[in-house]
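Enquirer: Fold the following for me, if possible:
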Amino acid sequence: MFILIKIQESKIIEDMYSNEYLYFNSLETFKKSNDSDQSGRNDPFELVVNLEQLKSLSVKTNNKTILSDKNSKNFSGQYITHLEKSKINCCCLYWTELEVGKKAPTFNERLLQMGDKMLIIYDCQKFFEILDENLEKLNYQYSRKKVSYFDRKSYNGELTLHQKDNDFNYQNEYRILFKQPNDKPIKIYIPSLKNISTIINSKDYDNLIIQIQ
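Expert: The predicted structure is shown next:
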């Protein structure tokens, strides 16, 4: 059984559940570096759309080379291209699969720092139907899928906004993105969210068991 989980502070999760919506923040906000945030909510590598591994580097002025590492065996570097003025909003969810009658798979404790409450969406098919319908009504260009992870030290080429550094693979992220006229946070209403989800304390996740009656 495939489920999606939103982890945040109690007041936010309870408000989303009670008023049946998901909160989408600007993807730019997650790009900020915050050493005190151990949950991995922030990633300076967000919005990177191309990554090139460099084997040499030279600097020229007036057709004269003033710096060159071409012959250096130890040189390594990266050329990174960011998406500018993206106006893209994002909702990040944790995804996992549960087996009936068995406890939930191991959960990385770093994620508990994201919040003390979880919104668990257990009818994902219905959720996607409602979400897609609402985003299409708003005429938003959107995409949603599981994030794939890559090795930043060796990867070469283009990147999508559904790819992240291996350092974040413990997040098992399912990412929902859409473009809108501005990059302000927005609530997307999910009618009948209460019928397809529930909320629990984050610390109780390890005791989560699915039973079918």
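Enquirer: going forward, measure contacts and count neighbours with C-alpha atoms only.
Expert: OK.
Enquirer: got the domain boundaries for the chain?
Expert: Taking automatic domain parsing as the reference, the chain has its domains at 2-43+87-207, 48-82.
Enquirer: got the contact list for residue 209?
Expert: 98, 100, 101, 102, 103, 104 (CA atoms under 8 Å, 6 or more residues apart in numbering).
Enquirer: would you list those in CSV and tack on neighbour count and secondary structure?
Expert: Formatted as CSV, those follow (neighbours: other CA atoms under 10 Å; DSSP: H, G, I helix; E, B strand; the rest coil):
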residue, neighbour count, secondary structure
98, 16, coil
100, 12, coil
101, 11, coil
102, 12, coil
103, 14, strand
104, 17, coil
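Enquirer: Give me the buried positions along stretch 196-210.
Expert: Within stretch 196-210, the residues that count as buried by 16 or more other CA atoms under 10 Å are 197, 199, 200, 202, 205.
Enquirer: what is the rounded mean pLDDT of the strand or helix carrying residue 18?
Expert: Counting by DSSP states H and E, the element that carries residue 18 is helix 10-19. Averaging pLDDT along helix 10-19 gives 97.
Enquirer: hmm, back to that, closest one to residue 44 out of the contacts of residue 209, please.
Expert: Distance to residue 44 across the contacts of residue 209 (CA to CA) is lowest for residue 104, with 30.7 Å.
Enquirer: Longest strand in this protein, please.
Expert: strand 88-97 (DSSP state E).
Enquirer: unless I'm mixing things up, residue 17 is touching residue 121, no?
Expert: No. The pair residue 17 / residue 121 is not scored as a contact, 10.3 Å apart, by CA atoms under 8 Å.
Enquirer: middle-most residue in the protein, spatially?
Expert: residue 92 (4.3 Å; CA atoms, centre = their mean).
Enquirer: How about that residue: what's its closest non-neighbour residue?
Expert: Nearest-residue entry for residue 92: residue 175, 4.9 Å, with adjacent residues in sequence omitted and distances by CA to CA, 6 or more residues apart in numbering.
Enquirer: Would you mind listing the residues in contact with that neighbour?
Expert: Going by CA under 8 Å, 6+ apart, residue 175 touches 90, 91, 92, 93, 144, 145, 146, 147, 162.
Enquirer: What is the nearest of those to residue 168?
Expert: Nearest to residue 168 among the contacts of residue 175, with distances taken as CA to CA, is residue 147, at 9.9 Å.
Enquirer: Wait, the closest one touches residue 174, no?
Expert: Yes. With contact defined as CA under 8 Å, residue 147 and residue 174 form a contacting pair (5.8 Å).
Enquirer: between these two, who's got more neighbours?
Expert: Remark: of residue 147 and residue 174, residue 147 carries more neighbours, 22 against 19, as counted by other CA atoms under 10 Å.
Enquirer: Alright, that wraps it up for me.
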